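S.K.: Task: produce atomic coordinates for the following.
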Amino acid sequence: MREYEVKSVHVGQPKQMENYEKKIWSAIDKKATDQDIFLSYTGLEGDAQANLIHHGGPDKALCLYSEEHYSYWNDELGLDFAAAAFGENVTLQGLTEPEVHIGDVFKWGEAKIQVTQPRQPCFKLAIKHGVPEMVLKVQQTGYTGFYCRVLQEGRVSVRDRFVLERQDDGGITIALANQIMFHDKLNLDGARRILAVEALSASWRETLSKR
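M.R.: Below is the predicted model:
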């Protein structure tokens, strides 16, 4: 049984972003918490999203990102990124995009969660860090992180490890899904393989079905 260490847990509320000419609201600026916190079907207690069309909802209740990527971004951009720099709810150690599959189920504290899709970075990530090409860089590297839905509500904390309970037999890793979505758009057989995964989020199912 594979387990993964939770490095930090973060929540945040929407607020107006700084250093931008337009009024943009976002909850990408999250703060760490070491308290036991309730994870519901819509997300962590104390967390929210400003744009519910593209963020949040049952398929994207929880955003996760790998700690391993931070050293790359710091070297690449000359910045001092720390946990939650990508607006994730959970920073994990050892669980990267080539290893996690859409449909995988994890136990976290009292809760159970299921991977639904890669995280698709939006322009607010570029605004937050002052790097205009940030979205493209995330797509090119495949260091996107991923979203999960909540199958079982419960209390969770940074002290609870992620335990893999069931690996999806579809074999669609987050890395492969990113490759087909962003770089191999003519691979319709690959798109059909992704669509065959029952746990796939509704938004990705719509996009790939149209393709």
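S.K.: Confidence-wise, which helix or strand of the chain is lowest on average?
M.R.: strand 25-26 (a mean of 70; mean pLDDT, DSSP states H and E).
S.K.: Sheet-wise, list the partners of the helix or strand following that one with their directions.
M.R.: Next in sequence after strand 25-26, counting helices and strands by DSSP states H and E, comes strand 31-32. Strand 31-32 pairs in its sheet with strand 3-11 (antiparallel), by DSSP bridges.
S.K.: After the strand it pairs with, which helix or strand is next?
M.R.: With DSSP H and E setting the assignment, the helix or strand that follows strand 3-11 is strand 15-16.
S.K.: For that next one, give the mean pLDDT please.
M.R.: Strand 15-16 comes out with an average pLDDT of 80.
S.K.: list the helices and strands it packs on?
M.R.: strand 25-26 (3 or more C-beta pairs under 8 Å, 6 or more residues apart in numbering; DSSP states H and E). (C-beta placed from N, C-alpha, C; glycine too.)
S.K.: okay, stretch 77-96 in PDB with CA atoms only?
M.R.: The C-alpha trace of stretch 77-96 is given here as PDB (Å, rounded to 0.1, in the frame of the first residue of the first chain):
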ATOM      1  CA  LEU A  77      12.300  31.500 -12.900                       C
ATOM      2  CA  GLY A  78      14.800  32.700 -10.300                       C
ATOM      3  CA  LEU A  79      12.000  33.100  -7.800                       C
ATOM      4  CA  ASP A  80      11.600  31.800  -4.300                       C
ATOM      5  CA  PHE A  81       8.400  29.700  -4.600                       C
ATOM      6  CA  ALA A  82       7.100  28.100  -1.500                       C
ATOM      7  CA  ALA A  83       4.100  25.700  -0.900                       C
ATOM      8  CA  ALA A  84       0.800  27.100  -2.100                       C
ATOM      9  CA  ALA A  85       2.500  29.200  -4.800                       C
ATOM     10  CA  PHE A  86       0.300  27.400  -7.300                       C
ATOM     11  CA  GLY A  87      -2.900  27.900  -5.300                       C
ATOM     12  CA  GLU A  88      -3.100  24.300  -4.300                       C
ATOM     13  CA  ASN A  89      -5.000  23.100  -1.300                       C
ATOM     14  CA  VAL A  90      -2.500  20.300  -0.600                       C
ATOM     15  CA  THR A  91       1.200  20.200  -1.300                       C
ATOM     16  CA  LEU A  92       2.300  16.500  -1.400                       C
ATOM     17  CA  GLN A  93       5.600  14.800  -1.500                       C
ATOM     18  CA  GLY A  94       6.300  11.900  -3.900                       C
ATOM     19  CA  LEU A  95       3.100  12.000  -6.000                       C
ATOM     20  CA  THR A  96       3.800  13.400  -9.400                       C
END
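S.K.: Now do the strands in the chain.
M.R.: With strands called from DSSP state E, the chain shows them at 3-11, 15-16, 25-26, 31-32, 37-40, 43-44, 62-66, 90-93, 105-108, 111-118, 146-152, 154-156, 162-166.
S.K.: Redo these as TSV? Include distance to D189 and mean neighbour count.
M.R.: Shown next, in TSV, are those (distance: least, C-beta to C-beta, whole Å; neighbours: other C-beta atoms under 10 Å):
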stretch	distance to D189	mean neighbour count
strand 3-11	31	19
strand 15-16	44	12
strand 25-26	37	18
strand 31-32	42	13
strand 37-40	36	19
strand 43-44	34	22
strand 62-66	28	25
strand 90-93	31	22
strand 105-108	26	22
strand 111-118	19	24
strand 146-152	22	22
strand 154-156	38	18
strand 162-166	26	17
